[in-house]
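*Asks:* structure for this input, please:
(chains A and B)
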Amino acid sequence: MLQLATLRNNTELVKERLAVKNFKEINLVDDIIALDDERRKLTFGYDETKAKINAASKEIGQFMSMGQKEEAASRKKDVESYKNALNPIQENLEAVEKQLNDLLIRLPNLPSDLVPKGKTPEDNEIVRTGGTKPELYKGAVPHWDLAKKYDLIDFELGNKVTGSGFPFYKGKGAKLQRALIQYFLEFNTQAGYTEYMPPLMVNEASAYGTGQLPDKEGQMYHVTVDNLYLIPTAEVPVTNIYRDVILKEADLPVKLTAYTPCFRREAGSYGKDVRGLNRLHQFDKVEVVQLVHPDKSYETLEEMVAHVEKLIQTLGLHYRILRLCGGDMSFTSALTYDFEVYSAAQEKWLEVSSVSNFEAYQTNRMKIRYKDANGKSQLVHSLNGSSLALPRILAALLENNQDENGIKLPVALQGYFGGEMI
RNA sequence: GGUGAGGUGGAUGAGUGGCUGAAAUCAACGGUUUGCUAAACCGUCGUAGGGCCUUAAAGCUCUACCGAGGGUUCGAAUCCCUCCCUCACCGCCA
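*Replies:* Sure, this is the predicted structure:
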């Protein structure tokens, strides 16, 4: 969530930035500041009254030990009247604090200056395009046909055993998944990321920390008997490792990577967009997360974009990088770059990575801080990105590299896969 | 899942109703000493939210926090209740 100090000190700027994100309830900003004024007033009253009670209690103890019962009894009466005054203040204060928090979490992160204005995906800015557009041979088919032809993925079997959106990978298909995961993790750890293998379910506090709750509750699978959520991305458990932690400045940057399956309910999706591997309820992804000094986060964002770009290049895919416009970026992000690869047989761009700087929006919720040179605690900035999401990469690899002899794998993968061709 | 013992600051650990926001030790940080390192010595050393003061920083002061939430009491780390977690043993088990 945004910091109160930001709202108070830069009120007009905050409103302008929120408008870029097409946020409708700009008046919330003023409401929040008014509530905070109220909170301060009540806090002042509460603290003063409580101080009187504490002082009187101390005196009572002294009177008692000296055997001055009457004085003690008289001070007890005072305490009683202080308490009568305190109760309504306390109730008000609790109500105001709750309300303040409820409003505060409804404000999205502020988009950075670099975010293009706009409302829909058409308004996203294409930063650059790379790789070469593949030329397909005449008999080229989409990946779902290739999956069947080479017996790589069984969608129907997934329907039978679980439901749609939960495919079985099989034979060389399964092996290729394993090779991709292994390759991506190697690529990340060699760039200095520490590998984790996190739990696949998280508690409420963690889901709240990264912003999945309370807004996107419907997007996660909820195990109600134990009140746990299946993770929609490794970002959730991995970023929460540092929840409520105060780091040393020398510990920064913290660089983390993890492979996990990801679970998404994606209610409301339909049609050709969900065909084959394009959109699944369970898919595999390797994620990278960084916690960095606030002065460095945009530099780090560029570094992460370059990292993901290099990885995609080694796979020989035709790709483009988009800078998301205000209307298309996520609630919690300040600046997001999406990576799309070209899926030649579908003739479609598929999103395979999303790299974002959240600045202090997530870390304010999670209280991830560092101690600066003056010994003061400051929020770190958090960033994350996919490096990479597997299904759509797989789709593009299969489609773009097919010919009459089979599917030729990029050199970078051959060692991990143990062969050149499918 | 059952029984028992516990959860105190970065770590160990003292603290069973007021003098405890918390001893002591270790770690960490700053300094003195010193060819270097080590040792010794001195000092600092939780977080958050208010108020005063200040251009600001600093400083002063108040409030809250000893797993979480409630309760008893003039007063709770300390007593009571609920929940969570850890450890030990038993049961079950990849």
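*Asks:* close to RNA strand B: what parts of the stretch 101-250 of chain A are there?
*Replies:* Taking C-beta under 7 Å from any atom of the strand as the criterion, the stretch 101-250 of chain A approaches RNA strand B at residues A:I246. Using the backbone N, CA and C atoms, a C-beta is placed for each residue, glycine as well.
*Asks:* and the residue of the stretch 101-250 of chain A closest to RNA strand B?
*Replies:* A:I246 (6.1 Å; C-beta to the nearest atom of the strand).
*Asks:* burial measure for that residue, as a count.
*Replies:* When neighbours are counted by other C-beta atoms under 10 Å, A:I246 registers 14.
*Asks:* please tell me I have it right and it contacts A:G375.
*Replies:* No - the criterion here is C-beta atoms under 8 Å, and A:I246 misses it with A:G375 at 10.9 Å.
*Asks:* returning to what we had before: look up the closest residue to the residue of the stretch 101-250 of chain A closest to RNA strand B, ignoring the ones flanking it.
*Replies:* Counting by C-beta to C-beta, 6 or more residues apart in numbering, the nearest residue to A:I246 once its immediate chain neighbours are dropped is A:R369, at 4.8 Å.
*Asks:* residues in contact with the one you found?
*Replies:* By C-beta atoms under 8 Å, 6 or more residues apart in numbering, the residues touching A:R369 are A:245-247, A:363, A:377-380.
*Asks:* let's see it at 6 Å
*Replies:* Each residue near A:R369 by C-beta atoms under 6 Å, 6 or more residues apart in numbering is listed here: A:246, A:377, A:379.
*Asks:* inside helices: which ones of those residues?
*Replies:* Judged by DSSP state H, the contacts of A:R369 include no members of helices.
*Asks:* just the residues you listed now: which is nearest A:L301?
*Replies:* A:L379 (16.6 Å; C-beta to C-beta).
*Asks:* so the closest one touches A:Y361, yeah?
*Replies:* No - look at A:L379 against A:Y361 with C-beta atoms under 6 Å: they stay out of range, at 9.3 Å.
*Asks:* so the two - more neighbours on which side?
*Replies:* More crowded of A:L379 and A:Y361, by other C-beta under 10 Å: A:Y361, with 23 against 20.
*Asks:* how close does that one sit to RNA strand B?
*Replies:* 16 Å (C-beta to the nearest atom of the strand, to the nearest Å).
*Asks:* spatially nearest residue to that residue (excluding sequence neighbours)?
*Replies:* A:N109 (4.0 Å).
*Asks:* again, but for A:P167
*Replies:* A:G158 (4.3 Å).
*Asks:* what do you get for A:K50?
*Replies:* That would be A:L86: by C-beta to C-beta, 6+ apart, it lies 6.8 Å from A:K50.
*Asks:* give me the neighbour count for that neighbour.
*Replies:* Applying other C-beta under 10 Å, we find 19 residues neighbouring A:L86.
*Asks:* check A:P391 too.
*Replies:* 23.
*Asks:* how close does the residue lying closest to A:D78 once chain neighbours are set aside sit to A:G45?
*Replies:* Residue nearest to A:D78 in three dimensions, not counting chain neighbours: A:A56, with 5.4 Å by C-beta to C-beta, 6+ apart. Separation of A:A56 from A:G45 (C-beta to C-beta, to the nearest Å): 17 Å.
*Asks:* how about A:C325?
*Replies:* With C-beta to C-beta as the criterion, A:C325 and A:G45 are 46 Å apart.
*Asks:* cool, A:V79 as well?
*Replies:* 17 Å.
*Asks:* any low-confidence regions in chain A?
*Replies:* For chain A, the stretches flagged by pLDDT under 70 are A:267-274.
*Asks:* so which residue of it comes closest to RNA strand B?
*Replies:* A:G61 (3.0 Å).
*Asks:* report how many residues lie close to that residue.
*Replies:* For A:G61, using other C-beta under 10 Å, the count is 12.
*Asks:* now name the helix or strand holding it.
*Replies:* In the assignment (DSSP states H and E), A:G61 maps to helix A:27-65.
*Asks:* just the buried residues of that helix, please?
*Replies:* A:28-29, A:32-33, A:35-36, A:38-39, A:42, A:45-46, A:49, A:52-53, A:56, A:59-60, A:63 (16 or more other C-beta atoms under 10 Å).
*Asks:* report the contact partners of A:V286.
*Replies:* A:184-185, A:259, A:387.
*Asks:* just confirm the residue nearest to A:P167 is within a strand.
*Replies:* No - read with DSSP: H, G, I helix; E, B strand; the rest coil, A:G158 is helix and lies in no strand.
*Asks:* shouldn't it be in contact with A:F166?
*Replies:* Yes - under the criterion of C-beta under 6 Å, A:G158 makes contact with A:F166 at 4.4 Å.
*Asks:* which of those two has more residues huddled nearby?
*Replies:* A:G158 (19 against 16).
*Asks:* checking A:P108 next. Helix, strand or coil?
*Replies:* What three-state DSSP gives for A:P108 is coil.
*Asks:* ok, and the closest non-adjacent residue to it?
*Replies:* A:F331 (4.5 Å).
*Asks:* helix or strand for that neighbour, which one?
*Replies:* Residue-wise, A:F331 maps onto no helix or strand under DSSP H and E.
*Asks:* the one 10 residues further on now?
*Replies:* Mapping A:V341 onto the secondary structure by DSSP H and E places it in strand A:335-343.
*Asks:* quick one: strands adjacent to that strand?
*Replies:* The pairing partners recorded for strand A:335-343 under DSSP bridges are strand A:319-323 (antiparallel), strand A:348-359 (antiparallel).
*Asks:* okay, those, which one's buried deepest?
*Replies:* strand A:348-359 (a mean of 23; mean count of other C-beta atoms under 10 Å).
*Asks:* hmm, who's touching the helix or strand just after that strand?
*Replies:* Using DSSP H and E, the helix or strand that follows strand A:348-359 towards the C-terminus is helix A:361-366. With contacts defined as C-beta under 6 Å, 6+ apart, helix A:361-366 is touched by A:1, A:3, A:109, A:209-210, A:243, A:332, A:379-380, A:382.
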